[in-house]
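Trainee: Build me a model from this:
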Amino acid sequence: MSDDQASKLTAHLGYWLRFVSNHVSQAFARKVEARGVTVAEWVVMRDLFDIEAMAPSRLAERIGMTRGAITKLADRLIAKDLVARADDPADGRAQTLALTPAGRALVPELAALADANDDEFFGALPPEERAAITRILRGIVERRGLTRVPVD
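Mentor: Got it, this is the predicted structure:
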């Protein structure tokens, strides 16, 4: 390619991935924000849903966020009465995070919004195409060793 030539934006797979991803994630963000939480807060809540309580450091590791980011998110969720912070009974110096009853009740509602958002964007695809896209993207994640959960 000479100096006066440049590939078009639309020639890149990354362009199309980002194009779709932006629309999917922005639509989902609007849906969860209407319920009073951000996508990042939803990610924290969904991770806490399957366990009784977890140390913030462990949660940060699982989600791929910094401890400072988890602390800020936890503080916001505590202020909304969706998460509670407590002393860890096994280690008096440590703390744990857990969903409150209100947080536990909200998670299935938010999960239903995530399901509806997926269906809105991908529901018209035949099941084999959805499965192929999922397989390909998961393969990229695995081969690249990607670990940070997308939250924005």
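Trainee: Please spell out which residues along the longest strand anywhere in the chain are buried.
Mentor: Ranked by residue count under DSSP state E, the longest strand found in the chain is strand 91-99. Buried residues in strand 91-99, defined by neighbour count with 16 or more other CB atoms under 10 Å: 96-97, 99. Yep, even glycine has a C-beta here, placed from its N, CA and C like the rest.
Trainee: With stretch 102-118 instead?
Mentor: Buried, per 16+ other CB under 10 Å, within stretch 102-118: 103, 106-107, 110, 113, 117.
Trainee: Turn these into JSON lines, columns for distance to residue 45.
Mentor: Shown next, in JSON lines, are the buried residues of stretch 102-118 (distance: CB to CB, whole Å):
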{"residue": "103", "distance to residue 45": "6"}
{"residue": "106", "distance to residue 45": "7"}
{"residue": "107", "distance to residue 45": "5"}
{"residue": "110", "distance to residue 45": "7"}
{"residue": "113", "distance to residue 45": "12"}
{"residue": "117", "distance to residue 45": "16"}
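Trainee: List of residues touching the least confident helix or strand in the chain by mean pLDDT?
Mentor: Scoring the helices and strands of the chain by mean pLDDT, DSSP states H and E places strand 91-99 at the bottom, with a mean of 86. Outside strand 91-99, the residues within contact range by CB atoms under 8 Å, 6 or more residues apart in numbering are 44-45, 48-49, 52-56, 59, 74, 82-88, 107.
Trainee: repeat that with 7 Å
Mentor: Under the contact criterion CB atoms under 7 Å, 6 or more residues apart in numbering, strand 91-99 has outside partners 45, 48-49, 52-56, 59, 74, 82-88, 107.
Trainee: how about low-confidence regions in the protein?
Mentor: Residue ranges of the chain with pLDDT under 70: 1-3, 152.
Trainee: Walking through it, point out its strands one by one.
Mentor: Secondary structure of the chain (DSSP E): strands at 83-88, 91-99.
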